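Colleague: Return atomic coordinates for the entry below.
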Amino acid sequence: FGTFPIVTGRSSLVAIGLTMLSTGMHLARRPLPASCPWYTPSGIELAAVGLFAVEDFVELLLGGRRHWDWHPALSASSVGLGLYLRGTLDLVTVAPEHLVGAGLITL
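Modeller: Just a heads-up that it's a prediction; the model follows:
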């Protein structure tokens, strides 16, 4: 038995990441307020878009420039326009916890 192992930096990062993920899932899964229209995106939808955006950005930074094309940028701008038209900016005042949850899941 002896001594307990010292907590390493990697295990601390894993613990922080799991805490952020579980808190983000708890916030993003909450139902939208009744004042939101039916077409307002949920926190889970925003988290999925955020994950795809971060993945594409990291791929671009890590040597993806030689394979870069306009198709991902056009599709990302279409998704951004669609989210804007669905009232994503209204969530800032009506349901900010959904945006916080999506941000925690994305990070």
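Colleague: C-alpha only now, for contacts and for neighbours.
Modeller: Fine.
Colleague: Just the helices from the protein, written as ranges.
Modeller: 9-28, 43-61, 70-85, 91-94, 96-106 (DSSP state H).
Colleague: how far does the second one sit from the chain's center?
Modeller: Spelled out, it's helix 43-61. 7 Å (CA atoms, centre = their mean, to the nearest Å).
Colleague: follow-up on the earlier one: identify whichever of the helices of the chain lies nearest to residue 37.
Modeller: helix 91-94 (10.7 Å; CA to CA).
Colleague: any idea which of the helices of the chain is most buried?
Modeller: The highest average neighbour count among the helices of the chain, using mean count of other CA atoms under 10 Å, belongs to helix 96-106 at a mean of 22.
Colleague: For residue 34, which of the helices of the chain is the nearest?
Modeller: helix 91-94 (9.8 Å).
Colleague: picking up where we left off before, including mean pLDDT and distance to residue 37, could the helices of the chain go into CSV?
Modeller: Formatted as CSV, the helices of the chain follow (pLDDT from 0 to 100; distance: least, CA to CA, whole Å):
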stretch, mean pLDDT, distance to residue 37
helix 9-28, 89, 17
helix 43-61, 86, 14
helix 70-85, 85, 12
helix 91-94, 85, 11
helix 96-106, 89, 15
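Colleague: Can you lay out those as TSV showing distance to residue 36?
Modeller: Shown next, in TSV, are the helices of the chain (distance: least, CA to CA, whole Å):
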stretch	distance to residue 36
helix 9-28	15
helix 43-61	13
helix 70-85	14
helix 91-94	7
helix 96-106	12
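Colleague: between these, which gets nearest to residue 35?
Modeller: Nearest to residue 35, of the helices of the chain and by CA to CA, is helix 91-94 at 7.8 Å.
Colleague: Quick one: list the elements packing against that closest one.
Modeller: helix 96-106 (3 or more CA pairs under 8 Å, 6 or more residues apart in numbering; DSSP states H and E).
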